[in-house]
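Peer 1: Predicted model and sequence below, questions to follow.
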Amino acid sequence: MELFRALAALAEPPAPEHARLVELLDLPGAAPPDGVDYSEIFLFQLYPYASVYLGEEGKLGGEARDLVAGFWRALHREPPAEPDHLAALLGLYADLGEREQAERDEARRQLWRNSRQALLWEHLLTWLAPYLDKLEQIGSSFYRAWGRLLAASLLAEAENLGPPARVPLQIRRISRFPDIEVDGLAAFLDGVLAPRRSGMILVRADLRRAADGIDAALRIGERRSALETLLAQDPAATFRWLEAEAHEAASRHRAWRPRLGLVADFWVGQAEAAAAELARSSPGATVSG
Amino acid sequence: MDTKEGIDLKGLNQRVSAARAAVEARGETFYPGPSRIHLASFPPKERWDDWVELDSRSWPKRVEKRSMLVPTTCFNCESACGLLAYVDRETLEIRKFEGNPEHPGSRGRNCAKGPATLNQVTDPDRILHPLKRVGPRGGGKWEPVAWDQALDDIARRIRRAIQEGRPNEVMYHVGRPGEDGYTERVLAAWGVDGHNSHTNVCSSGARAGYHFWMGLDRPSPDHAHAEVILLVSSHLESGHYFNPHAQRVIEGKHRGAKLIVLDTRLSNTATHADYWLSPRPGSEAAILLSFARYLIEHRAYDREFVRRWWNWREYMQEVHPDRPPSFEDFEHVLASLYAEYTFDFAAGEAGVDAAMLAEVAEVIARSGSRLSTHTWRSAAAGNLGGWQVARTLFLLNALTGAVATEGGTYPNAWNKFVPRPIYVPPHPKSWNELTWPIEYPLALNELSFLLPQFLKDGRGKLAVYFTRVYNPVWTNPDGFSWIEVLTNENYVGLHVALTPIWSETSFFADYILPMGLGSERHDLHSYEQYDGQWIGFRQPVLRAARERLGTHVGDSREVNPGEVWEENEFWIELSWRVDPDGSLGIRRYFESRERPGEKLGVEEYYRYIFENSVPGLVEQAQAEGLTPLEFMRRYGAFEVRKQVGALHEDVVPEAEREDLAVDELGRAYSRSPAPANPNLVPIPPLDPDHSGRRRIGVEVDGEIRRGFPTLSGRLEFYSRVLAEWGWKEFAIPTYIRSHVHPSNLGEDEMVLLSTFRLPVQIHTRGGNSKWLDEIAHTNPLWIHPVDARRMGVETGGLLRVETEIGHFVVKAWVTEGIRPGVVACSHHMGRWKLTDQGQRQIMATVSLDHQGEQWGLQRKQGVRPFPSIDRDTLRIWWTDVGVHQNLTFPVHPDPISGQHCWHQAVRVRRAAAGDRPGDIAVDTAKAREVYRKWLGLTRPADRHSPDSTRRPYWLLRPLRPSRDAYRLEPSGAPGGAR
């Protein structure tokens, strides 16, 4: 279980101790991360909090974080200030594993195991699949290597523990992708940028790619404003780009189906629904039927 | 998310685990901090010698700042939380204070007062050099004086008093000591009974209630593991061990514990409560007894615990000798004793809803043995008979069996460790009538706040009077009487103020000697804050920092600002000057053992303790390649033991049972010598049996167990001491109607609550912190809208509050956070100075006028910006610093506990024309009348002592004289030197 703590530590701001961890984990081709790399990934692109990816709003906090905090409380633990931070969750996962190993009573050991399985499927795998996928696309060489090792470790755990009996609570409910005509532009922008609702993670680097792709100017600032500016410049092209992005996301999500089953189904479903809605409501679309 | 084939996850796991084990075996931190993985947000300890941070002021440039992290202990309140001083490696100045993660009590967390130590260190108004008064005492003129000159003068006077048989003329008056017994031992070495603590204006009411139950005067609640937490007071923001307890109360709540708060005010704590009861002041014991009655009537108490551990048999023998002493019979009596405390009765006394009481009682009944309870000041310090609040509160623990259980309440000695020092001088042979007067044989602590009255009575005088980081003129009731005696050299020959800062008391000193703050002095502490035992080490951090760099420091004045000293070294030096040739037998307690004939140094003093008296420390230090002293200098704290558990249940080993004898009460005695114990935590002495055997425990169901340090060896539901010393009617937990009970109030009188704190202030000790002063600098009067409407006053309007001896003028704060009929004013404010000397950021400049016994204090100038070495003093935006209400309070000593009963019956009206905020008027002749009235409530030892002694020997006493001194002379006078 110590492996998970080590991986968790590397999701924290770089410190001298990281060099030791990098060496121990034998991260291929990786150098100790520097502050710039860390900031680029965790502060500007891929915020390492479950609530950002599982929450209806795509932001920190809210019901998704409450669910994570409730999980800590159910274990009779005081939720930390940021209960859904990746490092905190991996630390907790390691701790539960050690409790299980140390438990002599078979029934209680099974309870620890159940808790660990719940944490893995509810609050880790439900968002880390698209998260680590995106990291693979935009990360530095070091963090890509770290992400691959984390993915391998989590998938090995998923195999070892088996799938959950029910769809994880965090993804049991389907989230509706907004209809720009009915819900308005503001709600549309929120929906596109909320991974849970669009089925895709759009980071700043993606929007830069979008601007390049449709030959539009990218407004520097928060993602919402940047996307709004793209839509203002060329709505049809932006819709087409978003639709293609959703299809691409759905395609990537499908690849995890053999190992993540229900979780993959959720993300595929969300991305396909978003793609369909984007196609339907695109300014250039023909109204059928 | 792709999988990577061929990764040896198991191998990696093992490799990381092995590396972690190897690193931690060296005492280093494997994972970096701050980190969320273990909730560790602290620099790894192996980097404490050279911690690098980026300088925020240099942003966006990346400028590194390097610090040494040196632990010490906060000196503001009594919680003894751990601090980490960040000492700049280039300038060797302290840059900031944060929490010490290695401290078991505070666990790296601090309240605002800890980091604010930095303000105190850099305060432009702090006293940096010894001062001697010029002109009349209180005249406000000072000249610098050399330490040598001051020490010689003070030592000469002490030596003369001792040589001339006047040891009681030497007195040391202390606020919160912030250490465990060092100064008591200094006084014991001098042979003077001169210890005078502030405790009777603080906690002795609560202490008495606890002491009569279990022989120990403090509770140690395990809030973190409780099912139900019951607090009488505002513990979350201002309770006794505020920060260590508050964090555990919140932990308990997170685990699902119910929080019940009895507090007349809507305190911050009350806002966190599941059940907030706002009782009429003084009715708390009635409420608690209604809960007890419910538990008894519904058989919702732990019968086995009560049967095994209460002294019910003794109670039945003494009070119901005609009845068979069976437990069932006792239960029958118990039920009848409390039958009158119905919810309706309690509701009538307290003015709260009876249905709410019933609901809360049911919650308590469900707590099982996980009921943590605490009271310290508040009701226990406010009311006549307030000590019964603690006694009735602990009754709930004693009924539920929640005594020394996980989630219950422990006796403090179970959770405290006081290591044996290099010397333990014998008990002094004298008895000081000025602090332990004959009228108060059961007082838990010195009658410190009556000192002016006793001096005026002619009961004695003082040749040398030390006030040590204590401010009686401001803190105590009846401050003008203090000024009257302090300015009279017939009463006080020499007043020495040992203080880091100016205070209302230091203005009336002959010498002001600058003593170190929390980062400038050595001390050793231990406090009961959870089920464990720890010691915390305060140290001059610049000394420790320099020593890390290889510099030898001979005396803390070499590294402290100005000529600021530390008390440890001061007392050693002073003692040598009191007894320069050793002829008084004093010097030997301050001599080096390593270098016979030379002065003991603090290095040797603490080295001895850490190497010889702290179990496990030597081994722990060795594991990290350190000496024990180096370990303590490096980490600042050490956990001696955790999960101590129910020590009273420990079976006395066979080796201690030589010639075992068990008496009719089950008390077990033997001739085996007491096993060596390095823990000097105060425990009452227990008399041997008639054959001289030592008490070893108590027989419970045929087994000899350690029991409690009480006369019976059990929890004392029935206090033989109270019964035999004249207070038979209060020998069991009961309800005493307060002096502010509605039946004692005039029709137009209200109750004034004056005991509550502001979360960021701590009496006058934090007054030189700009951050704290900016947050809290005034104390308006809480008044309910109903009362405010009746008086036609709004928030900010002026009110005149009339007490028995005078009045004060205060601004109103209209709030529903207080009951109708009750007003409240925090005691933290109203600081004043007579001249420009003083704490300019928190003290108003006032005029102090008196004609005979008529005193008046009026504000001449509020606080305002001023230029200084700290540019922030030009940014001071507040002018109002509140009112010094304590000046208008007469003394109210409880006749049993000796606690000053703070609550006041007052008349509140709109201010008169010409009244200004902060105005005070007092008649000290009236104050004297009130003193005499309360003195009349006492039952003095010469009339009530059952054994011709001055005080029960069993009762705890901070500095215990020899047993001979306890004897009463035939005339009624104490037997020791007067």
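Peer 2: Structure's in. What do you need? Since we're looking at a predicted model, the values are computed, not measured. Numbers count the residues shown, from 1 in each chain, chains lettered A, B, ... in the order given.
Peer 1: Quick one: low-confidence residue ranges for chain B.
Peer 2: B:1-5, B:27, B:33-41, B:236-237, B:970-978 (pLDDT under 70).
Peer 1: any low-confidence regions in chain A?
Peer 2: In the predicted model, chain A carries pLDDT under 70 at residues A:28-32, A:285-289.
Peer 1: rerun that using 50 as the cut-off
Peer 2: Applying pLDDT under 50 to chain A flags residues A:287-289.
Peer 1: Now tell me what touches the helix or strand containing A:Val36 from outside.
Peer 2: A:Val36 is part of helix A:35-38, with elements assigned from DSSP states H and E. For helix A:35-38, contacts defined as Cβ atoms under 8 Å, 6 or more residues apart in numbering or on different chains pick out A:13-14, A:140, A:142-143. For every residue, glycine as well, the C-beta is placed using N, CA and C.
Peer 1: Closest one of the residues you listed to B:Val786?
Peer 2: Nearest to B:Val786 out of the contacts of helix A:35-38 is A:Pro13 (Cβ to Cβ; 55.0 Å).
Peer 1: For the closest one, which non-adjacent residue is spatially closest?
Peer 2: Excluding its sequence neighbours, the residue lying closest to A:Pro13 (Cβ to Cβ, 6 or more residues apart in numbering or on different chains) is A:Tyr38, at 5.9 Å.
Peer 1: Helix or strand for the residue of the stretch 351-500 of chain B found nearest chain A, just tell me which one.
Peer 2: Closest residue of the stretch 351-500 of chain B to chain A, Cβ to the nearest Cβ: B:Gly407 (12.6 Å). Under DSSP H and E, no helix or strand contains B:Gly407.
Peer 1: Where do the helices of the stretch 1-150 of chain B begin and end?
Peer 2: Under the criterion DSSP state H, counting those that start in this stretch, the stretch 1-150 of chain B carries helices at the ranges B:9-25, B:117-122, B:147-163.
Peer 1: Dump those helices into CSV; add distance to chain A and mean neighbour count as well.
Peer 2: Formatted as CSV, these follow (distance: least, Cβ to the nearest Cβ, whole Å; neighbours: other Cβ atoms under 10 Å in any protein chain shown):
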stretch, distance to chain A, mean neighbour count
helix B:9-25, 4, 15
helix B:117-122, 24, 22
helix B:147-163, 45, 17
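Peer 1: Just give me the neighbour total for B:Gln885.
Peer 2: Using other Cβ atoms under 10 Å in any protein chain shown, B:Gln885 is surrounded by 26 other residues.
Peer 1: quick one: it and B:Val801 touch, right?
Peer 2: Yes. With contact defined as Cβ atoms under 8 Å, B:Gln885 counts as touching B:Val801 (7.3 Å).
Peer 1: and for those two, which residues touch both?
Peer 2: Any residue near both B:Gln885 and B:Val801 by Cβ under 8 Å, 6+ apart counts here, and that gives B:752, B:808, B:810, B:825.
Peer 1: Nearest to chain A among those?
Peer 2: The nearest member of those to chain A, counting by Cβ to the nearest Cβ, is B:Cys825 at 35.6 Å.
Peer 1: List the contacts of that closest one.
Peer 2: B:752-754, B:779-782, B:801, B:810, B:883, B:885 are the contacts of B:Cys825 under Cβ under 8 Å, 6+ apart.
Peer 1: now it, nearest residue through space, not along the chain?
Peer 2: That would be B:Leu781: by Cβ to Cβ, 6+ apart, it lies 5.0 Å from B:Cys825.
Peer 1: Specify the beta-bridge partners of that neighbour.
Peer 2: Note on B:Leu781: beta-bridge partners by DSSP bridges are B:Ala812.
Peer 1: from the chain's centre, how far out does the helix or strand where B:Val908 lies sit?
Peer 2: Assigned by DSSP H and E, B:Val908 belongs to strand B:904-910. Here the centre of strand B:904-910 is set off from its chain's centre by 30 Å, with Cα atoms, centre = their mean, to the nearest Å.
Peer 1: next helix or strand past it?
Peer 2: Moving toward the C-terminus from strand B:904-910, the next element (DSSP H and E) is strand B:920-923.
Peer 1: what does that next one contact?
Peer 2: The contact list for strand B:920-923 (Cβ under 8 Å, 6+ apart) reads B:480, B:805-809, B:853-858, B:883-884, B:887-888.
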